[in-house]
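K.L.:
build me a model from this:
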Amino acid sequence: GNDNLFYTRRIGRRPHLDVDLSDNEYAKMPKATAILGATKLTGKTADGLSFGVIDAVTSAERAEIDSMGKRSYRYVEPLTNYFVSRIRKDFNKGNTLLGGGFTNTHRFFDHTDINTLVTSANTGGIDFTQYFNDKNWFFSANTAFSLLSGSAASIENLQTSSVHYFQRTDARYVHLDPTRTTLSGHGGNVQFGKTGGQWKFILFGLWKSPGFDLNDVGYLRSADALQLIAWSSYMFNKQFSIFREIRLNSNYWNEWDWGGTYLDMGGNLSVGAKFTNLWY
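P.N.:
The predicted structure follows:
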């Protein structure tokens, strides 16, 4: 769906941590983490090999604490390095695409008392797309993995976050382990559809294991999902009467958790029209 291995707003983001204040204490919090330096390299060769690499370093950030005129400082974000890479090769005149990507986030906790953030987060994946019939039809598949490591406190924070909720009592296929120091998972999707002509459709399924996590330099709203989804639309694109075009659209989806519990189903039907005066 909307999940991505790379989400640009993670670099230079607002600091992860807040500070606990006592009576008569006030905090001045940094609004962002300063980017100390960054490098980006992208390109594409004549034979269809495209690539991109980003490496960025953000500074450690401290909150300024005022206690009756006395000032002290507490770390709210460590020095962090972000690495993102992407490669893709075009074959068969651009009708076959094969690609991969890898990211790493590494935090340096020297001289800080932070132990609730993951030390190292690695994600990666591969993707494949095949077009047919002048790119009117396609098949695609991708899969990704994540491996995060850090202190027991940082991994426990991940397990209990809203992305995972390992602590919930109704899920017998996961359990909260406050002693573990790694968390791993995988996800992906498979799609098939028709994107050319008046009638279009896409059928796809996706999965995200309970321990899947992309949020150090990517974006993942929630893990632990199995979904089947269908979308279709039909376009009347020849002008008639007062209409320039009319589009009919429909969606249908089902969702389960990793333990097989049926969670959700839904669908919608919609219609849109554009008139000859270009109002719609």
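K.L.:
need the strands for the protein, in chain order.
P.N.:
For the chain, strands defined by DSSP state E occupy the ranges 25-28, 35-44, 49-58, 61-67, 70-77, 79-91, 96-108, 120-132, 137-149, 182-194, 199-208, 225-236, 243-256, 262-275.
K.L.:
quick one: closest of the ones you listed to Glu156.
P.N.:
Glu156 sits nearest to strand 182-194 of all the strands of the chain, at 9.7 Å, using CB to CB. Bear in mind the C-beta positions are built from the backbone N, C-alpha and C, glycine included.
K.L.:
so how far is that closest one from its chain's centroid?
P.N.:
Its chain's C-alpha centre and that of strand 182-194 lie 12 Å apart, by CA atoms, centre = their mean, to the nearest Å.
K.L.:
can you give me the buried ones in it?
P.N.:
Across strand 182-194, burial judged by 16 or more other CB atoms under 10 Å covers 183, 185-189, 191, 193-194.
K.L.:
from the residues you listed, which is closest to Arg221?
P.N.:
Closest approach to Arg221 among the buried residues of strand 182-194 (CB to CB): Gly187, at 12.0 Å.
K.L.:
residues touching the closest residue in space to the closest one that isn't next to it in sequence, list them.
P.N.:
Once flanking residues are discounted, Gly187 sits nearest to Lys208: 3.9 Å by CB to CB, 6 or more residues apart in numbering. By CB atoms under 8 Å, 6 or more residues apart in numbering, the residues touching Lys208 are 3, 185, 187, 220, 222-225.
K.L.:
likewise Met68?
P.N.:
Applying CB under 8 Å, 6+ apart to Met68 gives the contacts Asn24.
K.L.:
show me the residue sitting in the middle of this protein in space.
P.N.:
Geometric centre of the chain, nearest residue: Tyr219, 2.5 Å, by CA atoms, centre = their mean.
K.L.:
if we can go back for a sec, closest to Asn215 out of the strands of the chain?
P.N.:
Proximity to Asn215 (CB to CB) singles out strand 120-132 among the strands of the chain, at 8.4 Å.
K.L.:
tell me which residues in that closest one are buried?
P.N.:
Of the residues in strand 120-132, 121-125, 127, 129-131 count as buried by neighbour count, 16+ other CB under 10 Å.
K.L.:
ditto for stretch 78-94
P.N.:
Neighbour counts over stretch 78-94 (16+ other CB under 10 Å) mark 78-80, 82, 84-86, 88, 90 as buried.
K.L.:
what's the answer for stretch 194-205, then?
P.N.:
By neighbour count with 16+ other CB under 10 Å, stretch 194-205 contains the buried residues 194, 200, 202, 204.
K.L.:
relative to Val84, how far out is the last one?
P.N.:
Looking back up the chat, that one is Phe204. Counting by CB to CB, to the nearest Å, the gap from Phe204 to Val84 is 25 Å.
K.L.:
got a pLDDT number for Gly1?
P.N.:
Looking at Gly1, its pLDDT reads 56.
K.L.:
mind listing what Ile87 touches?
P.N.:
Applying CB under 8 Å, 6+ apart, we find Ile87 in contact with 49-52, 99-101.
K.L.:
go again with 10 Å.
P.N.:
By CB atoms under 10 Å, 6 or more residues apart in numbering, Ile87 lies in contact with 49-53, 98-102, 126.
K.L.:
what does Ser146 give?
P.N.:
5, 103, 121-125, 183-187, 209, 211-216, 218, 220, 223.
K.L.:
bridging residues for it?
P.N.:
Counting by DSSP bridges, Ser146 forms beta bridges with Thr123, Gly185.
K.L.:
show me the shaky parts of this protein.
P.N.:
By pLDDT under 70, the low-scoring segments of the chain are 1.
K.L.:
I'd assumed Gly260 was in contact with Asp224.
P.N.:
No: between Asp224 and Gly260 there is no contact under CB atoms under 10 Å: 11.6 Å.
K.L.:
of these two, who's got more company?
P.N.:
Between Asp224 and Gly260, counted using other CB atoms under 10 Å, the more crowded position is Asp224 (24 against 8).
K.L.:
separation between Ala60 and Ser270?
P.N.:
Distance check for Ala60 against Ser270: by CB to CB, it reads 49 Å.
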